[in-house]
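Asker: Provided below for reference: sequence and predicted model.
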Amino acid sequence: MNVAEAGAAAAPVPAPRVGVQFDRPDRRYAAEQELAVRYDVAGIEPAAVRALERSVVWYTEGKGEEDLGVHRFERLEGAARLAEALPGGTIAVRLPASPLSYEGVVVKIRWCVRVRLFFASGRDFVSEHVFDLGTVPPARGAVERTA
Amino acid sequence: MRLPRFLGKKRGNRRTGSQAWGSFGEALFYAALVAAGLAFAALLCAGGVDADTAGSPWARWWLWLFTLLIPGALLAFGGAGLARSIRAWGKSEERRAAAEGIGELFDTPGPDAAPAADLPGVPTCEDLVNSPGTILRYRLPLESPEGWTLLGIGLFAALWNTVLAVLAVNAGVDLWSGRVEWVLLALLVPFLAVGAGGAAVFVRRFVLATAVGTTQLEISDHPLLPGGRYDVLLAQGGAGALESLDLALEMEEVASFRQGTDTRTERVVVWRERVKEWKEVEIAPGVRFEAHVTITIPDDAMHSFATEHNAVRWRAVVCGRPERWPAFERVFPLVVCPGRIVSAAARAVEVPA
């Protein structure tokens, strides 16, 4: 899922497509389990990419302001390092024990793999792919609500 | 170069506004504050402090301090914001978060690490295990927002009535000397009403808070784990009869968000289980009511979670209905850690697809 693109230049807009393949087709992982993701970037000239960031993060969704935690972050710059990461690469990491994915009423916790491309034109493009950590069932609803 | 779009839209997860222009605007705002602070300070320094009015060197020193307070605040606030904007310029939110050292905190824990200390997003329970119980291992602390409310009302009533006393003494002196200050007397009437009301509310709340007696909760282990069973001792002090006393286990979600200039917090109880209810409880003076129960955390329970704006909290809630007093509720926070023991649900995940 490509979620955002931002930038300020009027140069021709690249239309990257980032495909990912998780080592578990259902994208559900247990706590402290190994995660391996293969990604492929298409629709761009590798030479137009200035930097690439690969990260495994969790963030909150819902009524509250967003909180973000980075479990793994890697920034690749320079032709030699980018050649290893483009047009495709692998992200492998051992997941932590928490926080587990959670679908609450006003608090939700999502885990995702993000691939962010920075173009020479100044634009950037991020592709986000959600997966589940743990098997906590969703909240059934509000028993009592106070504000 | 594309001009900035001032009215951006949010389309799903995608914003039409430019992040770069947003950061630029923010940096410009802080730079303007720094410039205003410098200009203000320069003007004040050029004007100097009048030596005649300043008096002694100490008085001059204080005068300089107050004179430079406003430009100093502008420079500090603007400078800090500008430094933050420059540091964040062109960096993704992941990179900023990683640079703040969050990544180090969230490293995969070792097998022998203590619970919570190496569990990202899970609050520690150090404050919950530093008080030993009389019978069970830990005595849980009481979460008591009512205590702070009582203190606030007490302070307000004390201050208000002090001001009222000063005004009343002045009015009395005037009357004694044969003068009638009608404005002061008219002012005393609403002041007296507010003062008396504040004192009455304080006394009522104080009596309610102290009349029922203390509630204690002890637990056999902490932090808790999904699927775990724990012995709990509930002890209720005081004297008199309670129509009912019940103990419940709750999971609450807390989300704080900004609405205009306000920060609001919404709390939603998403899971509640009544552990036990006792009817017609008689408490004799000096002999507290004691009951042993067992609580069970569900196998697939969400663990405790706390970040800057969001939280999932576990708590034990004791509710009582005294015969002569209004009902009371006492909350004891708990911490549930993610299960290290692989639950049945997690084992299902680990089966290769």
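Answerer: Perfect, thanks for sending it.
Asker: can you give me the helices for chain A?
Answerer: When secondary structure is read from DSSP state H, chain A shows helices at A:79-85.
Asker: Can you tell me which residue is spatially central in it?
Answerer: A:Arg114 (2.1 Å; C-alpha atoms, centre = their mean).
Asker: Hmm, that residue is touching A:Ser55, no?
Answerer: Yes: with contact defined as C-beta atoms under 8 Å, A:Arg114 and A:Ser55 form a contacting pair (4.9 Å). C-beta: built from backbone N, CA, C; applies to glycine.
Asker: what sits in contact with each of these two?
Answerer: Shared contacts of A:Arg114 and A:Ser55, defined by C-beta atoms under 8 Å, 6 or more residues apart in numbering or on different chains, are found at B:Glu94.
Asker: Run through the residues that contact the residue nearest to the centre of chain A.
Answerer: A:53-57, A:126-129, B:94.
Asker: show me where chain B has strands.
Answerer: Ranges of strands in chain B, per DSSP state E, are B:10-11, B:14-15, B:138-139, B:215-219, B:229-236, B:240-259, B:262-283, B:289-296, B:305-306, B:310-322, B:328-334.
Asker: could those be laid out in TSV, adding mean neighbour count and mean pLDDT?
Answerer: Compiled in TSV, the strands of chain B are given as follows (neighbours: other C-beta atoms under 10 Å in any protein chain shown; pLDDT from 0 to 100):
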stretch	mean neighbour count	mean pLDDT
strand B:10-11	8	48
strand B:14-15	15	48
strand B:138-139	20	94
strand B:215-219	22	93
strand B:229-236	18	94
strand B:240-259	18	92
strand B:262-283	15	92
strand B:289-296	15	94
strand B:305-306	22	94
strand B:310-322	21	94
strand B:328-334	19	92
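Asker: so which of the ones you listed gets nearest chain A?
Answerer: Chain A sits nearest to strand B:240-259 of all the strands of chain B, at 3.1 Å, using C-beta to the nearest C-beta.
Asker: quick one, the closest one and strand B:229-236 angle?
Answerer: 120 degrees (axes from the mean of the first three to the mean of the last three C-alpha atoms, to 10 degrees).
Asker: which helices and strands sit right next to strand B:240-259?
Answerer: Here strand B:240-259 touches strand A:107-119, strand B:229-236, strand B:262-283, strand B:289-296, strand B:310-322, going by 3 or more C-beta pairs under 8 Å, 6 or more residues apart in numbering or on different chains; DSSP states H and E.
Asker: Adding distance to B:Trp89, write the ones you listed out as a markdown table.
Answerer: A markdown table is the format used below for these (distance: least, C-beta to C-beta, whole Å):
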| stretch | distance to B:Trp89 |
| --- | --- |
| strand A:107-119 | 13 |
| strand B:229-236 | 50 |
| strand B:262-283 | 27 |
| strand B:289-296 | 51 |
| strand B:310-322 | 27 |
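Asker: What are the neighbouring residues in contact with residue 34?
Answerer: As the question left the chain open, I've gone with chain A. Going by C-beta under 8 Å, 6+ apart, A:Glu34 touches A:23, A:92-95.
Asker: My question was about chain B, not that one.
Answerer: Residues in contact with B:Val34, defined by C-beta under 8 Å, 6+ apart, are B:74-75, B:78-79, B:82.
Asker: out of these, who's nearest chain A?
Answerer: Proximity of those to chain A (C-beta to the nearest C-beta) peaks at B:Leu82, which lies at 20.0 Å.
Asker: what's the neighbour count on the closest one?
Answerer: 19 (other C-beta atoms under 10 Å in any protein chain shown).
Asker: Quick check, it in contact with B:Ala32.
Answerer: No: here B:Leu82 does not reach B:Ala32: they are 9.7 Å apart, not a contact under C-beta under 8 Å.
Asker: Residue of chain A closest to chain B, please.
Answerer: A:Gly64 (3.1 Å).
Asker: Count the residues that sit near the residue lying closest to A:Val126 once chain neighbours are set aside.
Answerer: Spatial nearest neighbour of A:Val126, excluding adjacent residues (C-beta to C-beta, 6 or more residues apart in numbering or on different chains): A:Arg116 at 4.4 Å. Neighbours of A:Arg116 under the rule other C-beta under 10 Å: 21.
Asker: which residues sit in contact with A:Arg116?
Answerer: Residues near A:Arg116 by C-beta under 8 Å, 6+ apart: A:52-55, A:124-127, B:92, B:94.
Asker: cool, and B:Val189?
Answerer: Residues in contact with B:Val189 (C-beta under 8 Å, 6+ apart): none are found.
Asker: ok, now B:Ala211?
Answerer: Residues near B:Ala211 by C-beta under 8 Å, 6+ apart: B:238, B:322, B:325.
Asker: ok so, going back, can you name the residues bridging to the nearest residue to the residue of chain A closest to chain B once chain neighbours are set aside?
Answerer: For A:Gly64, ignoring the flanking residues on the chain, the nearest one in space by C-beta to C-beta, 6+ apart is B:Ala255 at 3.1 Å. Counting by DSSP bridges, B:Ala255 forms beta bridges with B:Glu266, B:Asn310.
Asker: Can you verify my assumption that B:Ala255 contacts B:Glu266?
Answerer: Yes: look at B:Ala255 against B:Glu266 with C-beta under 8 Å: they come within range, at 5.2 Å.
Asker: circling back to that earlier point, what's the distance between the residue nearest to A:Gly64 and A:Glu66?
Answerer: Distance, B:Ala255 to A:Glu66, by C-beta to C-beta, to the nearest Å: 11 Å.
Asker: now B:Gly198
Answerer: According to C-beta to C-beta, B:Gly198 and A:Glu66 sit 41 Å apart.
Asker: more crowded one of these two?
Answerer: Neighbour tally, B:Gly198 and A:Glu66, criterion other C-beta under 10 Å: the higher count belongs to B:Gly198, 20 against 14.
Asker: contacting residues for that one?
Answerer: B:153, B:156-157, B:160-161 are the contacts of B:Gly198 under C-beta under 8 Å, 6+ apart.
Asker: Give me the buried entries from those.
Answerer: B:153, B:156-157, B:160-161 (16 or more other C-beta atoms under 10 Å in any protein chain shown).
Asker: where exactly do the helices run in chain B?
Answerer: Along chain B, the stretches classed as helices by DSSP H are B:19-47, B:51-54, B:57-67, B:69-88, B:93-99, B:102-105, B:145-176, B:182-211, B:344-350.
Asker: The fifth one packs against which elements?
Answerer: Counting contacts by 3+ C-beta pairs under 8 Å, 6+ apart, helix B:93-99 is packed against strand A:49-62, strand A:68-77.
Asker: Next, format these as TSV and append distance to chain B.
Answerer: Compiled in TSV, the helices and strands packed on helix B:93-99 are given as follows (distance: least, C-beta to the nearest C-beta, whole Å):
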stretch	distance to chain B
strand A:49-62	4
strand A:68-77	4
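Asker: Export those strands as TSV, with columns for mean neighbour count.
Answerer: Shown next, in TSV, are the helices and strands packed on helix B:93-99 (neighbours: other C-beta atoms under 10 Å in any protein chain shown):
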stretch	mean neighbour count
strand A:49-62	22
strand A:68-77	19
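Asker: I am finished for the moment; much appreciated.
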